[in-house]
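A.B. asks: fold the following for me, if possible:
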Amino acid sequence: MYSWVAILVTLGLAVLIAKPAGLYLAKAFDYEKNGLDRWFGPVERVIFHASGIRQGNQTWKMYALSAVLSNLAMMLIVYLIFRLQGFLPLNPSGVSNMEPTLAFNTVVAFMTNTDLQHYSGESGLSYFSQMIGIVFMMFTSTATGVAAAMAFIRGLAGKPIGNFFVDLVRAITRVLLPMSFVSALIFAALGVPQTLASSAIAHTLQGTEQQIARGPIASFLSIKQFGNNGGGFVGVNSAHPFENPGGFSNMLQILLMMLIGTSLPFAYGKMVGNAKQGRVLFVSMLMMFIVMLGVLLSAESAGNPAFHALGIGHDQVSMEGKEVRFGMAQSALFATVTTATETGAVNTMHDTLTPIGGMVPLANMMLNTVFGGAGVGIMNVLMYAMIAVFLSGLMVGRTPEFLGKKLEGKEMKLIAVNLLVTPFLILAPTALALLAYPDTISNPGFHGLTQAIYEFTSSANNNGSGFEGLGDNTPFWNIATGVVMFLGRYFSIVVLLAVAGSLAAKKPVPVTSGTFRTDTALFGGVFLIIVILVGALTYFPAIVLGPVAEHLTLRP
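C.D. replies: Numbers count the residues shown, from 1 in each chain. So this is what the prediction gives:
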């Protein structure tokens, strides 16, 4: 009973803080003078002056180019840090230089806000690499996604796109740093380590020596969750007691993961001058989230049917791969949240979920609209909203309009291309992996297919969680997922900024009685249907051949 109450309390808090957080985000990125300038303006002006940033508006092309090139420059710097970490300071455990393909994969993973880890955190990176490399990219990758979302929303609203570097700085100074600082202090108070000392040495009762990893985990953990990053300081991520000591820290991590994703619909409504439309999108996403959570809870509560046939007890089945201090319900909630928000942190091993239970995180990532990641999630949601408006317009024989702008061939072609690229990035390399590298997949059956497709889905949609039975630290997996992460992140951002730039250049058309309103329950229903038809059916064959087929073979 306690676990179910905890779920209701956690989700209730997430819903309550979503609107005020969204209004704050809209104000933080408003180029008109407001009260926040008094607090953050002096620091930002120093940064702008020191870095030579000019604060004028950019075209969508310059905005996208600035985002991609600056991120590439950051990748190069951090790649060198990983390759040379054995010679750099703050390495008390003597971690060696990272192998080239693994360094490539890691730097792309964290700069794209994916945070896929083909290494074990406590043994793969030095403290210097964790703090100067990983944490640096956690801030800047999240800031890039939020900045792109704000530029996209401005374009839809018919306003200038803005300036990428201004938005990047504002995302860090006004949003990420303040919340990360406060939450890091709370995590430290809850018992999460924050130290530069080397691993602790413990002597067991059997007389053996055990190394216990520690480090500056509290500061790492705060931006990991709030920025929808998800990479763990230690290999088992938030299943480790140092990264997640108990129930309160678990709830705080869930709230941090949900905060940006749930607040952006309200920020969108404020920025475009249609708060009701923002609420409709929020409610639609919340409904999808509740359905996904319900399916996962039901699947994990029922347990594995094959084990039941062998007489194995219910409690033993539902707790497979889960931490006792969280239980089944909190593990299921965490798994739903971390994939719905494209965070990727885990407090239970997704590879040990039941087939239908494991299907839920996979489906969350494939849809990428159940709130979605920091910034990029709302961009995908609005893309589906435009598809819903376009198809509705075709059905009634009227040129579709979105926020007072006509949706025409140019915008829909860009959206169609964007829709096709992500499934290609997932399905094509999955087929190659199954054909050419089956020895890296630990399960040769239907579960093996799910392992492979989960890895590429997680990579293409900026999540980073994985089915860890996969032998992924090989040149093939490092390079393949690295390329998929890069293209999955930046192609979508550039294409959707192009859509926003195209709409921003159009003259608004007056609202008439024939205009399809996008701030009604009817539109919310159409939006949900479009997400299911266009998004879910794209991956239906893969879902059937993976989790569904596995589930059917396990039935007694």
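A.B. asks: what's the helix or strand for G155?
C.D. replies: G155 is part of helix 136-156, with elements assigned from DSSP states H and E.
A.B. asks: quick one: contacts for V272?
C.D. replies: Listed by Cβ atoms under 8 Å, 6 or more residues apart in numbering, the contact set of V272 reads I153, L156, A157, G278, L403. Heads up, the C-betas are built off the backbone N, CA and C, glycines and all.
A.B. asks: where does this structure have low pLDDT?
C.D. replies: Scanning the chain for pLDDT under 70 picks out 1-2, 304-318, 555-556.
A.B. asks: any idea how many residues pack against the closest residue to A21 other than its chain neighbours?
C.D. replies: Excluding its sequence neighbours, the residue lying closest to A21 (Cβ to Cβ, 6 or more residues apart in numbering) is S263, at 3.7 Å. By other Cβ atoms under 10 Å, the residues close to S263 number 25.
A.B. asks: what secondary structure does the residue located most distally from the centre of the chain sit in?
C.D. replies: Distance from the C-alpha centroid of the chain peaks at G207, with 43.2 Å (Cα atoms, centre = their mean). The three-state label given to G207 by DSSP: H, G, I helix; E, B strand; the rest coil is coil.
A.B. asks: just to revisit the earlier point, of the contacts of V272, which is the most crowded?
C.D. replies: Neighbour-wise, these (other Cβ under 10 Å) top out at I153, 27 neighbours.
A.B. asks: phi, psi of I77?
C.D. replies: Main-chain dihedrals, I77, degrees, to the nearest 10: phi -60, psi -50.
A.B. asks: tell me, how many residues neighbour it?
C.D. replies: By other Cβ under 10 Å, 13 other residues sit near I77.
A.B. asks: same deal with the one 10 residues further on?
C.D. replies: Here the number of neighbours of F87 (other Cβ under 10 Å) works out to 9.
A.B. asks: from T481, how far out is the residue nearest to it when sequence neighbours are not counted?
C.D. replies: Among residues not flanking F87 along the chain, N97 sits closest, at 7.6 Å (Cβ to Cβ, 6+ apart). Going from N97 to T481 by Cβ to Cβ, to the nearest Å gives 21 Å.
A.B. asks: so for these two, which residue has more residues nearby?
C.D. replies: Neighbour count, other Cβ under 10 Å: between N97 and T481, T481 has more, with 27 against 15.
A.B. asks: separation between S126 and S180?
C.D. replies: The spacing between S126 and S180, counted by Cβ to Cβ, is 21 Å.
A.B. asks: next helix or strand past the longest helix along the chain?
C.D. replies: Criterion DSSP state H: the longest helix present in the chain is helix 475-504. Sequence-wise, the next helix or strand downstream of helix 475-504 (DSSP H and E) is helix 521-530.
A.B. asks: ok and the longest helix of the chain relative to helix 136-156, angle-wise?
C.D. replies: Per axes from the mean of the first three to the mean of the last three Cα atoms, to 10 degrees, the angle that helix 475-504 makes with helix 136-156 is 30 degrees.
A.B. asks: show me the strands in this structure, by range?
C.D. replies: Taking DSSP state E as the criterion, the chain contains strands spanning 200-203, 209-212, 401-402, 405-406.
A.B. asks: ok, now which ones touch the residue nearest to F87?
C.D. replies: Contacts of N97 by Cβ under 8 Å, 6+ apart are F82, R83, L84, Q85, G86, F87.
A.B. asks: and the helix holding G155, how far out from the chain middle?
C.D. replies: 13 Å (Cα atoms, centre = their mean, to the nearest Å).
A.B. asks: can you check stretch 382-391 too?
C.D. replies: Distance, centroid of stretch 382-391 to centroid of chain: 22 Å (Cα atoms, centre = their mean).
A.B. asks: which residues touch that stretch?
C.D. replies: With Cβ under 8 Å, 6+ apart as the criterion, stretch 382-391 contacts 152-153, 156, 268, 281, 369, 400-402, 407, 411-412, 415, 418-419, 496, 499, 516, 518, 523, 526-527, 529-531, 534-535.
A.B. asks: please, where are all the helices along the stretch 51-200 of the chain?
C.D. replies: 60-84, 100-111, 121-124, 127-128, 136-156, 164-170, 177-189 (DSSP state H, counting those that start in this stretch).
A.B. asks: so can I have JSON lines of these showing distance to V9?
C.D. replies: Converted to JSON lines, these look like this (distance: least, Cβ to Cβ, whole Å):
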{"stretch": "helix 60-84", "distance to V9": "38"}
{"stretch": "helix 100-111", "distance to V9": "32"}
{"stretch": "helix 121-124", "distance to V9": "30"}
{"stretch": "helix 127-128", "distance to V9": "36"}
{"stretch": "helix 136-156", "distance to V9": "26"}
{"stretch": "helix 164-170", "distance to V9": "32"}
{"stretch": "helix 177-189", "distance to V9": "17"}
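A.B. asks: tell me the most buried of those?
C.D. replies: Of all the helices of the stretch 51-200 of the chain, helix 136-156 carries the top mean neighbour count, a mean of 27, counting by mean count of other Cβ atoms under 10 Å.
A.B. asks: by contact count, what packs against that helix?
C.D. replies: helix 60-84, helix 100-111, helix 164-170, helix 217-226, helix 247-272, helix 376-396, helix 475-504 (3 or more Cβ pairs under 8 Å, 6 or more residues apart in numbering; DSSP states H and E).
A.B. asks: for that helix, output the C-alpha coordinates as PDB.
C.D. replies: Extracted as PDB, the C-alpha positions of helix 136-156 are listed here (Å, rounded to 0.1, in the frame of the first residue of the first chain):
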ATOM      1  CA  PHE A 136      30.400  19.800 -18.400                       C
ATOM      2  CA  MET A 137      28.700  18.000 -21.200                       C
ATOM      3  CA  MET A 138      25.700  17.200 -19.000                       C
ATOM      4  CA  PHE A 139      25.100  21.000 -18.600                       C
ATOM      5  CA  THR A 140      25.800  22.000 -22.100                       C
ATOM      6  CA  SER A 141      23.900  19.200 -23.800                       C
ATOM      7  CA  THR A 142      20.800  19.900 -21.800                       C
ATOM      8  CA  ALA A 143      21.200  23.600 -22.400                       C
ATOM      9  CA  THR A 144      21.500  22.900 -26.200                       C
ATOM     10  CA  GLY A 145      18.200  20.900 -26.200                       C
ATOM     11  CA  VAL A 146      16.300  23.500 -24.100                       C
ATOM     12  CA  ALA A 147      17.700  26.400 -26.300                       C
ATOM     13  CA  ALA A 148      16.600  24.600 -29.500                       C
ATOM     14  CA  ALA A 149      13.100  24.100 -28.100                       C
ATOM     15  CA  MET A 150      12.800  27.800 -27.200                       C
ATOM     16  CA  ALA A 151      14.000  28.800 -30.600                       C
ATOM     17  CA  PHE A 152      11.500  26.400 -32.200                       C
ATOM     18  CA  ILE A 153       8.600  27.800 -30.100                       C
ATOM     19  CA  ARG A 154       9.500  31.300 -31.000                       C
ATOM     20  CA  GLY A 155       9.500  30.400 -34.700                       C
ATOM     21  CA  LEU A 156       6.000  28.800 -34.300                       C
END
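A.B. asks: that one versus helix 177-189: what angle between them?
C.D. replies: Using the same axes, to 10 degrees, helix 136-156 lies at 140 degrees relative to helix 177-189.
A.B. asks: give me the angle between helix 136-156 and helix 217-226.
C.D. replies: Helix 136-156 runs at 20 degrees relative to helix 217-226, counting by the same axes, to 10 degrees.
A.B. asks: filter the contacts of stretch 382-391 to the buried ones?
C.D. replies: The neighbour-count test (16 or more other Cβ atoms under 10 Å) marks 152-153, 156, 268, 281, 369, 400-402, 407, 411-412, 415, 418-419, 496, 499, 516, 518, 523, 526-527, 530-531, 534-535 as buried among the contacts of stretch 382-391.
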